[in-house]
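>>> What would the 3D arrangement of this be:
(one chain, ligands or ions: 2)
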Amino acid sequence: MQIIAVCNQKGGVGKTTTTLSLAACAAAAGDAVLLVDLDPHASLTLSLGLETADARGGAYALLAQTLSLSELARPTAVAGMDIIASGPALATLERDQRRSPGMGRRLQTICRAQAGAYRWVFADTPPTLGVLMINALAAADHVVIPTQPDPLSRHGVTGMVKTLDMVNRSRPIPLGHSIVTTFYDRRTRSSLNGFEALSADHGGALWPDVIPVDTQFREASSRGLPLSRCRGASRGAAAYEQLWSHLLQRLPQPAASPAEVA
Ligand SMILES: Nc1ncnc2c1ncn2[C@@H]1O[C@H](COP(=O)(O)OP(=O)(O)OP(=O)(O)O)[C@@H](O)[C@H]1O
Ligand SMILES: [Mg+2]
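Ligands and ions are numbered 1, 2, ... in the order given. All right, here's what the predicted structure looks like:
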């Protein structure tokens with residue numbers, strides 16, 4: 001199992017779209033994929049046309065009661081892709097349980113105990129640095145940071161990279177990250193300038209390609225599907241395929257299972 005957390009403390013930068021699009025790429029290759037919706041607004045759950053979860057199920061039950069992945073995962077319309085849904089109850093976790101012992105590492109503990117259940121786990125996170133994002137970062141093998149090219153969004157990336165530095169102080173192996181430029185409009189000078197500024201500030205961590213503005217993302221989520229399953233030929237879906245190929249080369253190799261070693 002490898003876990004990819006999609007995070008940015010800035011809102012509206014394409015986190016949920018990136019989570020779903022990358023997961024769809026992994027599922028298209030025939031791998032077993034689990035989405036974990038850690039945003040109480042449940043955009044990921046809703047964009048797959050699914051009901052939100054209450055406190056007896058979904059991500060709240062996962063983190064509050066440490067139930068197993070298989071008890072909580074539901075199938076989606078995409079073959080090979082399950083989801084642990086979110087809902088408003090998840091917001092109360094931050095308020096009521098953030099000081100519970102080991103709260104920041106619950107997702108990591110559960111995933112380690114059930115590492116054979118899925119090949120990939122993709123965690124979507126809210127745009128706030130709280131116990132939900134901390135769970136995703138603690139569990140992650142790699143972090144994807146989507147950002148729009150504008151100055152305010154770039155400021156958000158700087159904040160996120162500082163958060164990763166903090167997380168890395170308590171990790172034996174640093175957590176790798178990839179910064180992804182989203183909503184890129186090639187007709188505008190400001191998109192190009194923003195991309196160049198990201199490149200100057202973040203160098204090799206910046207994916208050297210971009211996700212273009214594509215209105216079809218919105219249409220796809222209103223149909224409850226990843227864009228690649230509505231219109232595989234769209235520019236947006238093709239860009240995420242490219243990003244997935246790039247990430248596959250950057251991700252740490254998964255540890256061999258004991259059976260493979262023997
Ligand atoms: N490349 C794109 N081009 C055009 N629209 C996009 C693109 N990526 C995402 N969108 C649309 O923009 C909106 C915001 O995207 P998304 O929900 O993925 O952002 P987010 O970072 O998860 O937001 P939040 O911080 O609120 O969780 C959605 O309606 C989505 O369909
Ligand atoms: Mg979102």
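>>> How about residue 239: what's its closest non-neighbour residue?
In space, residue 239 comes closest to residue 211 once its chain neighbours are excluded; the distance is 4.7 Å by C-beta to C-beta, 6 or more residues apart in numbering. All C-beta atoms are positioned from the backbone trio N, CA, C, and that covers glycine.
>>> Hmm, I typed the wrong one, I wanted residue 148.
With sequence-adjacent residues excluded and distances taken as C-beta to C-beta, 6+ apart, residue 148 is closest to residue 183, at 4.6 Å.
>>> What values do phi and psi take at that neighbour?
The phi and psi values for residue 183, taken as degrees, to the nearest 10, are phi 50, psi 40.
>>> these two touch, right, it and residue 14?
Yes - here residue 183 lies in contact with residue 14, judged by C-beta atoms under 8 Å, at a distance of 6.4 Å.
>>> intersection of neighbour lists for the two?
148, 211 (C-beta atoms under 8 Å, 6 or more residues apart in numbering).
>>> List the contacts of the residue in the stretch 1-150 of the chain positioned nearest to ligand 2.
Across the stretch 1-150 of the chain, no residue is closer to ligand 2 than residue 16, which sits at 3.4 Å (C-beta to the ion). Applying C-beta under 8 Å, 6+ apart, one finds that residue 16 lies in contact with 6, 39, 43-44, 47, 124.
>>> re earlier: what count of nearby residues applies to the residue nearest to residue 148?
Burial measure for residue 183: 22 neighbouring residues, criterion other C-beta atoms under 10 Å.
>>> For residue 194, see how far away it is.
With distances defined as C-beta to C-beta, to the nearest Å, the gap from residue 183 to residue 194 amounts to 10 Å.
>>> can you check residue 133 too?
The spacing between residue 133 and residue 194, counted by C-beta to C-beta, is 24 Å.
>>> List the contacts of residue 30.
Taking C-beta under 8 Å, 6+ apart as the criterion, residue 30 is in contact with residue 80.
>>> Need the three-state assignment for it.
The three-state label for residue 30, taken from DSSP: H, G, I helix; E, B strand; the rest coil, comes out as coil.
>>> Residue 182 too?
The three-state label for residue 182, taken from three-state DSSP, comes out as strand.
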